[in-house]
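J.: just to be clear, the model below is a prediction. Sequence and coordinates:
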Amino acid sequence: MKVTRLKTRLVDVPFERPIATAIHQMRSVGCVLLELETDQGLVGESYVFTLNGVRLKVLNEMLLSFSHQVEGRDPHDVGAIGQAMWDEMNPIGHKGFSIAALTAIDTACWDLIGKAAEQPLHKLFGACRDRVKTYASGGLWLSQSIDECVAEAAGFVAAGFRAMKIRVGSANIQQDVERVRALRDAIGPDIELLADANQALSVKQAIRLGRELEAFELGWLEEPVPYHDLRGCAEVRTALMTPIAAGETEYTRYGMRDILQAHAVDVLMPDLQRIGGLSEMRRTCALAAAHDIPVSTHLFTEHSLCIAGAEPNCVSVEHMPWYALLFNEAMVIRDGMIDIPTRPGTGFSFNAEAIRRFELAH
């Protein structure tokens with residue numbers, strides 16, 4: 001099998017309403033959709049994104065610039081393709097859009113490998129489970145009122161979730177405490193509650209907030225300080241009983257290694273786009289396992305399920321519904337768990353009607 005053509009399409013998927021974290025103002029996700037066509041009629045699919053579609057064409061150009069590394073090659077040679085891309089991107093660096101391009105090509109190659117074998121990827125990787133824990137992450141934004149959060153939380157529970165994440169990190173710590181208190185009172189003690197500060201706090205602010213939130217038995221406090229302050233994150237972790245989760249903003253296994261060596265997290269949260277694809281995500285899970293640290297994947301729910309199905313220390317995936325409209329298939333959530341799809345490849349395929357609806361010219 002040979003890849004005959006690398007094809008991209010741009011879409012911008014709007015949210016129902018603008019949403020905000022402590023550091024983000026968001027109205028849409030712009031995606032570069034990648035298709036690798038082959039001489040056997042199979043098509044490998046993947047995507048990468050930017051918030052609000054900002055610099056989407058730049059991301060697309062980066063991806064297209066690596067087409068010569070995959071066209072004419074067998075996608076089964078995904079390791080060689082990835083190494084060639086890694087070597088070529090040395091002058092521009094191994095972070096940012098160059099790694100996003102690697103992610104898209106690597107993931108689409110693996111999708112082809114699964115389709116050619118007529119097997120789901122978690123089976124090819126060596127399956128360890130057929131369902132994985134998840135948490136509702138598509139709500140409880142800092143821009144919402146307490147009443148709106150309480151109402152949305154009830155909807156999450158009704159939809160089958162047994163865990164959810166609220167955003168904190170406002171300028172007023174007591175305001176954050178009251179939001180978490182109200183939500184814990186509403187959902188009760190049996191629903192897991194997580195909190196994400198989105199890097200908005202100083203070390204002392206994070207410790208103060210974390211201590212006040214300990215009464216609510218959070219599953220974790222996520223990204224309490226800026227992602228590059230590993231020493232500060234480790235200091236927060238030492239000061240609190242609540243587990244600390246981070247990692248989504250770092251790149252490749254080398255960034256994950258720095259986090260682990262700094263003893264900065266209790267839960268490592270690699271992001272598929274920033275980590276460098278399914279190949280690098282598997283290496284990252286192995287690295288975390290060697291440090292006895294669990295992994296919970298960030299965003300890219302659909303395409304991360306094959307990792308969760310094959311890596312024993314991948315204990316959960318973030319359920320983010322932003323991209324669901326782009327796929328023909330829907331994720332199945334039951335009793336707080338998502339089923340690992342048994343369809344070939346990643347198990348998800350692009351919806352042509354949705355693409356026509358949201359497509360941008362380029």
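T.: Right, received. Where do you want to start?
J.: domain ranges for the protein?
T.: 3-118+350-360, 123-339 (automatic domain parsing).
J.: so, low pLDDT: which residues of the stretch 51-200 of the chain?
T.: Nowhere does the stretch 51-200 of the chain drop to pLDDT under 70.
J.: who's in contact with the spatially closest residue to residue 25 that is not a sequence neighbour?
T.: Residue nearest to residue 25 in three dimensions, not counting chain neighbours: residue 18, with 6.8 Å by CB to CB, 6 or more residues apart in numbering. C-betas here are computed from N, CA, C, even on glycine. Counting by CB atoms under 8 Å, 6 or more residues apart in numbering, residue 18 touches 25, 26, 27, 143.
J.: just to check, residue 159 is in contact with residue 334?
T.: No - Residue 159 sits out of contact with residue 334 when judged by CB atoms under 8 Å, with a separation of 10.3 Å.
J.: excluding sequence neighbours, find me the nearest residue to residue 154.
T.: Residue nearest to residue 154 in three dimensions, not counting chain neighbours: residue 186, with 7.2 Å by CB to CB, 6+ apart.
J.: what are the boundaries of the helices in the stretch 101-250 of the chain?
T.: For the stretch 101-250 of the chain, applying DSSP state H, counting those that start in this stretch gives helices covering 121-125, 146-158, 173-187, 203-213, 230-239.
J.: circling back to that earlier point, quick check: next helix or strand after the helix or strand hosting the residue nearest to residue 25?
T.: Using DSSP states H and E, residue 18 maps to strand 3-20. Per DSSP H and E, the first helix or strand lying C-terminal to strand 3-20 is strand 25-38.
J.: would you mark the buried spots in that following strand?
T.: 28, 29, 30, 31, 32, 33, 34, 35, 36, 37, 38 (16 or more other CB atoms under 10 Å).
J.: quick check: of those, which lies closest to residue 74?
T.: residue 38 (9.1 Å; CB to CB).
J.: correct me, but the closest one touches residue 6?
T.: No - using CB under 8 Å, residue 38 makes no contact with residue 6, being 10.9 Å away.
J.: still on that earlier bit, let's have the buried residues of strand 25-38 in CSV, adding distance to residue 171 and pLDDT.
T.: Shown next, in CSV, are the buried residues of strand 25-38 (distance: CB to CB, whole Å; pLDDT from 0 to 100):
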residue, distance to residue 171, pLDDT
28, 26, 98
29, 26, 98
30, 29, 98
31, 32, 98
32, 35, 98
33, 38, 98
34, 40, 98
35, 44, 98
36, 46, 98
37, 50, 98
38, 52, 98
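J.: out of those residues, the closest to residue 11 would be?
T.: residue 31 (5.2 Å).
J.: Provide the partner residues of that closest one in its beta bridges.
T.: When assigned by DSSP bridges, residue 31 has beta-bridge partners residue 11, residue 49.
J.: just to revisit the earlier point, quick one: the residue nearest to residue 154 from residue 216, how far?
T.: From residue 186 across to residue 216, the span is 12 Å (CB to CB, to the nearest Å).
J.: what of residue 51?
T.: 29 Å.
J.: could you do residue 329 as well?
T.: Applying CB to CB, the value for residue 329 to residue 216 is 36 Å.
J.: what does residue 229 give?
T.: In terms of CB to CB, residue 229 sits 25 Å off from residue 216.
J.: repeat that for residue 120.
T.: Using CB to CB, one gets 38 Å for the distance from residue 120 to residue 216.
J.: then residue 170?
T.: Distance from residue 170 to residue 216, counting by CB to CB: 16 Å.
J.: burial of the residue nearest to residue 154, as a residue count?
T.: Other residues lying near residue 186 total 16 when counted by other CB atoms under 10 Å.
J.: cool, and residue 143?
T.: When neighbours are counted by other CB under 10 Å, residue 143 comes out with 14.
J.: could you find the closest non-adjacent residue to it?
T.: residue 20 (3.8 Å).
J.: so the one you found touches residue 141, yeah?
T.: Yes - in this structure, residue 20 is within contact of residue 141 by CB under 8 Å, at 5.9 Å.
J.: quick one: which of those two has more around it?
T.: Taking other CB under 10 Å, residue 20 and residue 141 do not tie; residue 141 has more neighbours (18 against 15).
J.: next, give phi and psi for that one.
T.: Here is the backbone geometry of residue 141 (degrees, to the nearest 10): phi -80, psi 160.
J.: excluding chain neighbours, what is closest to it?
T.: Take residue 141 and drop its neighbours on the chain: the residue closest to it by CB to CB, 6+ apart is residue 19, 4.5 Å away.
J.: thanks a lot, see you next time.
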